[in-house]
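>>> Sequence and computational prediction follow.
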Amino acid sequence: MTLSSLQTTLDQLPPACDDFQFNYCKTVACVNFSRTNPQLYVLQKNNLQRPILICRECGAFPPVLSNYDVIAEKQRLTQQQNSGLAACSNPDCSHNGLPVLTYRQLYHAFGFSGERQRYRCKSCHHTFVDPWSNGNNKHQLQQKLLAYLFTGYTVREICRRLVINPKTFYDQLNHIAARCRHQLTIFDARLGKHAQARHLATDLTPLQPHSDNGVLWIATAEADSGYVVSQHVNYQPQQPVTTYVNQHDAYHIGTRFIAPHSYYHSTNTVVTSQGLLAHIDATYRQILARKNMENPLSGEVTINYPTKGCLIRPQYTVYSHFLYLRELLNSNIPSLAVFMPQETLLRSACLSVFIDRVNNHTLHPLYVVEDAQWQHGQHAEKIDIVLMGWWRDRWAFSRNKNGNKGICHLGGNKKQQQHWLTVATHQAATVYQQRFYDQFSHMINEPRRKLRPASLLPLLDIYRAWHNLCHQNKAGITPAQSLGLMSSPMTLEQLLQ
């Protein structure tokens, strides 16, 4: 689309894109859930400060989205993941951007260019070279660089020890990140072929917790093995091609980009509660106090806008993140469970993207809130049921000597509560993110990096590859081994070759 706005009347939902329509009632118990008939809702576009869509049946007012921007953001995330991979680069070809690693049937092997493999596209006959098909003559330097980086050395110390300048350091770091994405693409494709039931853990957290720069980081891991399936941030290092929109307008193309501004909130609200139930209730109140329930940045938060690049409204990145997961995972998986913290954005995105699984009861989305003292896997004893929040969500609580835990099945399933209290946890994603903070705190908290988050993006790719393929648990098993994707741990040398 080249138009900046979409031509619609006052009684229409934002237009669907590629058969995706994410604007409807998202209350599972409502008869209008997932129904996209505009006559079922009260719609208005005159005042963007008021709800645009209100369900006539249950009174819910879910925020509306630009379907075109969600799909555009999904394409950005896919392009970012495939960056540097061998693929057809002809913009007019239907195979453009589809990497050889996962779409080998679309290409012919077409000889060599020096030591590198050449390929030809079957559609447009465009030829290109695979940059990763020969050896890496810089792997010794890159191994030393990673060793220093993982042991806490600063960029200046690493440059001094390796006798390189900072530009060479960041060039090598980007090269390592591209190689890591290449390796991860292979194992992600293998995971996508598996068709057994999956438990996923998702968490959403600031990329730099002490910077208040508005960059949020969402990560989804396989809950049992800890394999990080996907991760994304609501930030792009480049300026957007379209113009900024000061206020979010779902009927306007390009509305996902946040206009540069800084907002300072003097008294950040801190949730103080006496117990788990009070904490959950306070979180519901905070969410309802936002201008947009599905945008964590629309609450009472401080935003120091990055000096380079641009922020993207979190709801578009999170919806696109789940679209990316939907495309990656095998559609024949008999049952999919998604464990997440209490965040309306995660709930809405998961239900909207996997709407077909919600309707045929093969998706189990759950809020999970637990004390630090709760030991995962322990048997849930007495279970108490409480209806909470504006949505009257049905929470199941369990208490024992060690701590408290609460779960809420967002799909409306009232069965297997004891089972979910025992197995449901989003710690696989939460612990992964916390370990990243601990590992690279010297770079994350560096003052000059607080408004320049672009330099941390290569670290995310590198750390995900190291975590999935190299990091071993107490039994000496990597997450990729736990899923049967590889037979032995990968060394740093193998990762970089």
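Structure's in. What do you need?
>>> contacts, neighbours, all on C-alpha from now
Fine.
>>> Name all residues that make contact with the residue positioned nearest the centre of the chain.
By CA atoms, centre = their mean, the chain has its centre lying nearest to Ile218, at 3.7 Å. Ile218 makes contact with 202-205, 231-233, 318, 321 under the criterion CA atoms under 8 Å, 6 or more residues apart in numbering.
>>> again, 10 Å this time
By CA atoms under 10 Å, 6 or more residues apart in numbering, the contact set of Ile218 is 202-207, 230-234, 314, 317-318, 321, 346, 429-430, 433.
>>> likewise His199?
Per CA under 10 Å, 6+ apart, neighbours of His199: 221-225, 335-339, 364-365, 423-426.
>>> which residues of the stretch 151-300 of the chain fall in strands?
Applying DSSP state E, counting those that start in this stretch to the stretch 151-300 of the chain gives strands spanning 198-206, 216-222, 228-233, 235-236.
>>> Pull up the pairing partners for the last one, direction included.
Strand pairing for strand 235-236, determined by DSSP bridges: strand 310-311 (antiparallel).
>>> Then the second one?
With DSSP bridges as the criterion, the sheet partners recorded for strand 216-222 are strand 198-206 (antiparallel), strand 228-233 (antiparallel).
>>> what's the average pLDDT for that strand?
The pLDDT scores in strand 216-222 average 97.
>>> Show me where the stretch 1-150 of the chain has its helices.
With DSSP state H, counting those that start in this stretch as the definition, the stretch 1-150 of the chain shows helices at residue ranges 67-81, 139-150.
>>> Pick the most deeply packed of these.
Of all the helices of the stretch 1-150 of the chain, helix 67-81 carries the top mean neighbour count, a mean of 19, counting by mean count of other CA atoms under 10 Å.
>>> ok so, going back, just the buried residues of the contacts of Ile218.
202-204, 206-207, 230-234, 314, 317-318, 321, 346, 429-430, 433 (16 or more other CA atoms under 10 Å).
>>> From Leu216, how far out is the nearest residue to Lys405 once chain neighbours are set aside?
Nearest non-adjacent residue to Lys405, counting by CA to CA, 6 or more residues apart in numbering: Glu370, 4.2 Å away. Separation of Glu370 from Leu216 (CA to CA, to the nearest Å) stands at 22 Å.
>>> Check Phe440 too.
Taking CA to CA, one finds Phe440 at 17 Å from Leu216.
>>> ok, the two, which is more surrounded?
Neighbour tally, Phe440 and Leu216, criterion other CA atoms under 10 Å: the higher count belongs to Leu216, 24 against 19.
>>> Low-confidence ranges, the stretch 151-300 of the chain, go.
Per-residue confidence for the stretch 151-300 of the chain (pLDDT under 70) gives these ranges: 265-273.
>>> Pull the contacting residues for Gln481.
Counting by CA under 10 Å, 6+ apart, Gln481 makes contact with 225, 227, 468-470, 472, 487-490.
>>> how does it look with 7 Å?
Under the criterion of CA atoms under 7 Å, 6 or more residues apart in numbering, the neighbours of Gln481 are 487-488.
>>> Please, which helix or strand holds it?
helix 479-482 (DSSP states H and E).
>>> tell me what the helix or strand that that helix is followed by is packed against?
Sequence-wise, the next helix or strand downstream of helix 479-482 (DSSP H and E) is helix 492-496. Applying 3 or more CA pairs under 7 Å, 6 or more residues apart in numbering; DSSP states H and E, we find helix 492-496 packed against helix 139-150, helix 166-193.
>>> Next, the buried residues of helix 492-496.
By neighbour count with 16+ other CA under 10 Å, helix 492-496 contains the buried residues 492, 495-496.
>>> Can you give me the distance of Ala259 to Asn213?
Separation of Ala259 from Asn213 (CA to CA): 13 Å.
>>> and the two? which has more neighbours close in?
Asn213 (22 against 18).
>>> Please name the residues that touch the more buried one.
With CA under 7 Å, 6+ apart, Asn213 has these contacts: 303-306, 451.
>>> and what of Asn292?
63, 298.
>>> Just list whatever residues bridge to the residue nearest to Asn134 when sequence neighbours are not counted.
In this structure, Asn134 finds its nearest non-sequential neighbour in Arg116, 5.6 Å apart by CA to CA, 6+ apart. Using DSSP bridges, the beta-bridge partners of Arg116 come out as Ser113.
>>> Check Arg116 and give its pLDDT.
We have a pLDDT of 89 for Arg116.
>>> these two touch, right, it and Ser133?
Yes - assessed by CA atoms under 7 Å, Arg116 is found in contact with Ser133 at 5.3 Å.
>>> Put together a markdown table for the strands of the stretch 151-300 of the chain, with distance to Gly403 on each row.
Converted to a markdown table, those look like this (distance: least, CA to CA, whole Å):
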| stretch | distance to Gly403 |
| --- | --- |
| strand 198-206 | 21 |
| strand 216-222 | 25 |
| strand 228-233 | 27 |
| strand 235-236 | 37 |
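>>> now for those strands, which one comes closest to Arg190?
strand 228-233 (11.4 Å; CA to CA).
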